[in-house]
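# sequence isn't available, so here's the structure alone:
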């Protein structure tokens, strides 16, 4: 920020773009960090910021980042302003518990061995509430704060993000203390974007980033104090090995997921049409990457109100996807719905809805095997009898196996 020229501001703008392409959360955190940095610089030497050269550099950062990211950002803003989107995450649930900074979490080996009773009291899930700082990193941070003045900004910034990660109210041992409001509550209230994000404990990513810088400065000082050279390197490697033991992760469980043959056949059909895959779970999403057809009730990180209304209020689709009661005149409505939305197949990977599809809707069974049943929808003008509606049977050719 203090060097002449515009190279660094241009790179800073591009770095913000790269963070935004990884996650909009990251871009927002970078903006908060920038505000912290500017505040620290202003308190240190306010006159250094009140110059035209500094203003130009800030302008270049903003211009570069906006121009590059605008093709993605502007459509998102337009969509947000033109639709009502649901807030998918309750910030009170997805807040860091104060204990989670100091107790090994469910992602770590030691957390699962010794602290499960504590972990299970925290709100959220083990992926999000994995906020453990680690006592090795904490010790290095305290050392750096006490011995290395230039590390103090990074430590203060990390502390700021830790406080924001606690969410709108203090959580301790799974108990929400609404009589103890925190800064995130006011940030959420007066900054609409923050309220739309709704997972404050993800700000611990910035806590780790800041403390990593402090730790690096501390290790450098410790290596120098040990005499440098091989001796200093040995000390640093020993500390690093201890940190690796402390952060030993629980092996991530994996399973083999067999792909029913029908999904590969579905991928070979050239037309574009929709499918309903029940139940709506992660397997349905995975199988959709195999067949490549539009999926009714798939997953997006932020749903529009109209999308939820479609699933919950559209006859037949509501019955299959959210368990709504079957409507009267279901057979006639099914033909109309499947035709209007160009839905060709209903896939069942469980025993639910078999009676509804076969008896109520009289859909022909198209495929059975590999643990799934696939029904071909009836489409076209209402009133045209199908073979089953006329009292006939489904031919063997319809039962692809």
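Received, thanks. None of these values were measured; they are calculated from a predicted model. Numbering: from 1, shown residues only.
# quick check: longest helix in this protein by residues?
helix 52-82 (DSSP state H).
# which residues does the spatially closest residue to residue 134 that is not a sequence neighbour contact?
In space, and not counting its chain neighbours, residue 134 is closest to residue 246: 5.3 Å by C-beta to C-beta, 6 or more residues apart in numbering. (C-beta placed from N, C-alpha, C; glycine too.) For residue 246, the contacting residues are 110, 134-136, by C-beta atoms under 8 Å, 6 or more residues apart in numbering.
# dump these into a markdown table; add pLDDT as well.
Formatted as a markdown table, the contacts of residue 246 follow (pLDDT from 0 to 100):
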| residue | pLDDT |
| --- | --- |
| 110 | 92 |
| 134 | 94 |
| 135 | 96 |
| 136 | 96 |
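# highest neighbour count among those?
Taking other C-beta atoms under 10 Å as the neighbour criterion, residue 134 ranks highest of these with 20 neighbours.
# do you know how far that one is from residue 141?
Residue 134 is 10 Å from residue 141, where distance means C-beta to C-beta, to the nearest Å.
# next, count neighbours for the nearest residue to residue 288 once chain neighbours are set aside.
Excluding its sequence neighbours, the residue lying closest to residue 288 (C-beta to C-beta, 6+ apart) is residue 295, at 4.6 Å. Here the number of neighbours of residue 295 (other C-beta under 10 Å) works out to 19.
# ok, now residue 26?
Residue 26: 17 neighbours (other C-beta under 10 Å).
# element containing it?
Using DSSP states H and E, residue 26 sits in helix 24-49.
# return the distance of that helix from the chain's centre.
Chain-centre distance of helix 24-49: 26 Å, with C-alpha atoms, centre = their mean, to the nearest Å.
# which strands and helices lie in contact with it?
Where contact means 3 or more C-beta pairs under 8 Å, 6 or more residues apart in numbering; DSSP states H and E, helix 24-49 is packed against helix 7-22, helix 152-165, helix 192-197, helix 204-225.
# mean pLDDT for these: which is lowest?
Per-stretch mean pLDDT for those is lowest at helix 192-197 (a mean of 74).
# what comes up buried for that helix?
194, 196-197 (16 or more other C-beta atoms under 10 Å).
# can you list contacts of that helix?
Residues contacting helix 192-197 (C-beta under 8 Å, 6+ apart): 24-25, 28, 80, 85, 87, 89, 91, 184, 187-189, 302.
# are any of those buried, and if so which?
Buried among the contacts of helix 192-197 by 16+ other C-beta under 10 Å: 24-25, 28, 89, 91, 184, 187-188, 302.
# can you tell me which residue is nearest the centre of this structure?
Central residue of the chain (C-alpha atoms, centre = their mean): residue 301, 6.9 Å from the mean position.
# that one against residue 88, yeah?
Yes - checked against C-beta atoms under 8 Å, the pair residue 301 and residue 88 is within contact range at 6.9 Å.
# below-threshold pLDDT in the stretch 301-401 of the chain: ranges please.
380-401 (pLDDT under 70).
# what segments of it are strands?
Along the stretch 301-401 of the chain, counting by DSSP state E, counting those that start in this stretch, strands occupy 343-348, 365-369, 372-376.
# what is the second one packed up against?
Spelled out, it's strand 365-369. Right, strand 365-369 is packed against helix 261-268, strand 372-376 by 3+ C-beta pairs under 8 Å, 6+ apart.
# that older thread, what comes up buried for the helix holding residue 26?
Buried residues in helix 24-49 (16+ other C-beta under 10 Å): 24-30, 32-33, 36, 41.
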